[in-house]
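In: from the sequence below, what's the structure:
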Amino acid sequence: MPPPSPPLFLFDRLVHTYPPGFDADNIQGLVLTSGEKLAFGFHSREAANLLVRELELEAVLGGATDPSFLILRGGCLYTGINTLDKNIVLIASAFIEVHSGEVFLIYNAIDRSLHMIPSMPRTCPAFRTNRVLVARCHDNDKSYALVFPGQMFVEGNHHHDPQDVLFVSYSSSPSPWQTVKKIKIPDHLRSGSWFSAEEVFSSRGHGYWVDLLVGIMYCVCIDVMSDHSDCMNIHSLDLPVGCQKYLGCRESIAHPRAFRAMGPVGDSIKFVSIDGYLEPVDLTDCKVRVWRLMKDMHWDVEYELKLASLWEGKEFKGDFIPNWMTPMYPFLSTHEDHVIYFTLGQCKLNKGICLPSDSCCMVRVDLCNKTFHCTGLSQSQCTGMASHLAVSRNAEGKLLGLELPAIPSDS
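Out: Residues are numbered from 1 along each chain as shown. Next up, the predicted model:
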């Protein structure tokens, strides 16, 4: 009998692509796309519709030690997940037969449909990001908008400078990217600053662009969805107090995802940081800190986990974990409020600063019940951890529109 599937799946952003009907080493995923397949916004909609109907999206769900990934049968070589938000998977690809630029494939797990639209207009960025925000007024809303920052010259701008804007594509519209919202960005986070958002998500009616080294920008999603305003504010949020801001050369440090993470957990938003990646810290003093974002938009420290407390076996009970390995790559699970995940691996030191190598095991820590589990990682999951997306099963035990078996509780 196979072991129960884990509460957290790590998805590779890279989507595997094969010609239709091609059996790649007997790799067969679970077919996701059983609903309608339609294309919108192309010069030749008929050709685009014919193309998207030939596509099949599949999911290969790994266990506790293997990565999960998507397969797009009929897709091009350079295909990857741009954004994953609740029931929406946004995949970036290209089909020169119907469009000269990038296209987005939108998989909706609710009706298991696959839609294809052109990517957003390519302009100078209002701020640096490659990720598309999926904005919703409420977390359980079926309607949403795809949002991407840019710049354009607008009528009435007497300064002759491009206006910062959001390009918006509504899920209910057959004409993608037709809405443009003028935005006001805090000066210290505008284009040309250090800000570069690699994490985007929406939660509790706000859309977030996150630079794990500098800070956060957010908007109010009802302003995005409203037809009554063409101008809106972008707000800024500092990193949690005690979480060091970094404005130096990013090539000289570890990837930000190697030691920080931020995302929605239940009805909250949390930020995780591991010591030792921006400042020298002895492994015995290394801490993993978790903050919760309060309703008044300030950060509150929720947990401080000292790594040594897992070795000692007094405060926390669980498996053996090697005390010579460094914690890295923290992950938050959407439906496990008091749980954090991180991997353990070898670290190289550069002037006392940690530069992680491959991970060898995954640790799940229940901070409420004071328990932890350590699971070895397969060779295929050890590398490229910064490109993995953490995906937890939802409350109904569904992931990507698939029924998954229940997991026994730790408690």
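In: now do the same contact list for residue 42.
Out: Residue 42 is in contact with 48, 98, 99, 116, 118, counting by C-beta atoms under 8 Å, 6 or more residues apart in numbering. In this view, the C-beta of every residue, glycine as well, is placed from N, C-alpha and C.
In: which members of those occur in helices, if any?
Out: Members of those lying in helices (criterion: DSSP state H): residue 48.
In: mind putting the contacts of residue 42 in JSON lines, pLDDT, distance to residue 136 and neighbour count included?
Out: Shown next, in JSON lines, are those (pLDDT from 0 to 100; distance: C-beta to C-beta, whole Å; neighbours: other C-beta atoms under 10 Å):
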{"residue": "48", "pLDDT": "97", "distance to residue 136": "26", "neighbour count": "23"}
{"residue": "98", "pLDDT": "94", "distance to residue 136": "29", "neighbour count": "21"}
{"residue": "99", "pLDDT": "94", "distance to residue 136": "27", "neighbour count": "21"}
{"residue": "116", "pLDDT": "97", "distance to residue 136": "21", "neighbour count": "26"}
{"residue": "118", "pLDDT": "97", "distance to residue 136": "22", "neighbour count": "21"}
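In: for the stretch 151-300 of the chain, what spans make up the strands?
Out: 163-170, 179-184, 196-197, 199-203, 206-211, 215-220, 231-233, 235-237, 260-265, 268-274, 287-293, 299-306 (DSSP state E, counting those that start in this stretch).
In: no no, the stretch 1-150 of the chain
Out: Using DSSP E, counting those that start in this stretch, the strands of the stretch 1-150 of the chain run over 8-12, 16-18, 30-31, 37-39, 56-60, 69-73, 80-85, 88-94, 102-108, 113-118, 128-129, 133-135, 145-152.
In: packing partners for the fifth one?
Out: Which is strand 56-60. In this structure, strand 56-60 packs against strand 30-31, strand 69-73, with contacts taken as 3 or more C-beta pairs under 8 Å, 6 or more residues apart in numbering; DSSP states H and E.
In: and the last one, which strands flank it?
Out: In other words, strand 69-73. strand 16-18 (parallel), strand 56-60 (antiparallel) (DSSP bridges).
In: quick check: residue 133 touching residue 167?
Out: No: using C-beta atoms under 8 Å, residue 133 makes no contact with residue 167, being 10.6 Å away.
In: more neighbours, the two?
Out: Ranked by neighbour count (other C-beta atoms under 10 Å), residue 133 and residue 167 place residue 133 first, with 28 against 23.
In: find the nearest non-adjacent residue to that one, please.
Out: Leaving aside its chain neighbours, residue 133 sits nearest to residue 147 (4.2 Å; criterion: C-beta to C-beta, 6 or more residues apart in numbering).
In: how near is residue 364 to residue 218?
Out: Counting by C-beta to C-beta, to the nearest Å, the separation of residue 364 from residue 218 is 29 Å.
In: apologies, that question was intended for residue 153.
Out: Between residue 153 and residue 218 the distance is 26 Å, computed by C-beta to C-beta.
In: what sits opposite residue 104 in the beta ladder?
Out: residue 92, residue 117.
In: contact partners for it?
Out: 82, 90, 91, 92, 93, 116, 117, 118, 119, 132, 146.
In: cool, and residue 336?
Out: 7, 8, 265, 392.
In: over to it: give its phi and psi.
Out: Backbone geometry at residue 336, expressed as degrees, to the nearest 10, gives phi -130, psi 100.
In: read off the pLDDT value for it.
Out: We note a pLDDT of 89 for residue 336 in this prediction.
In: returning to that earlier point: now the contacts of residue 42 in JSON lines, with distance to residue 296?
Out: JSON lines is the format used below for these (distance: C-beta to C-beta, whole Å):
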{"residue": "48", "distance to residue 296": "46"}
{"residue": "98", "distance to residue 296": "48"}
{"residue": "99", "distance to residue 296": "45"}
{"residue": "116", "distance to residue 296": "41"}
{"residue": "118", "distance to residue 296": "40"}
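In: and which of the contacts of residue 42 is nearest residue 106?
Out: The closest of these to residue 106 turns out to be residue 116 (C-beta to C-beta; 7.5 Å).
In: run through the stretch 101-250 of the chain and note the low-pLDDT ranges.
Out: Applying pLDDT under 70 to the stretch 101-250 of the chain flags residues 155-160, 190-192.
In: please repeat the previous calculation with a cut-off of 90.
Out: Along the stretch 101-250 of the chain, segments meeting pLDDT under 90 span 122-128, 139-140, 153-162, 186-194, 227-230, 248-249.
In: can you tell me which two in the contacts of residue 336 are farthest apart?
Out: Spatial extent of the contacts of residue 336 (C-beta to C-beta) is set by the pair 7 and 265 at 12.6 Å.
In: tell me the spacing between residue 366 and residue 135.
Out: Counting by C-beta to C-beta, the gap from residue 366 to residue 135 is 32 Å.
In: now the strands: where do they sit in the stretch 301-411 of the chain?
Out: Listed in chain order, the strands of the stretch 301-411 of the chain (DSSP E, counting those that start in this stretch) span 317-318, 326-332, 339-350, 353-366, 371-376, 388-392, 398-399, 402-403.
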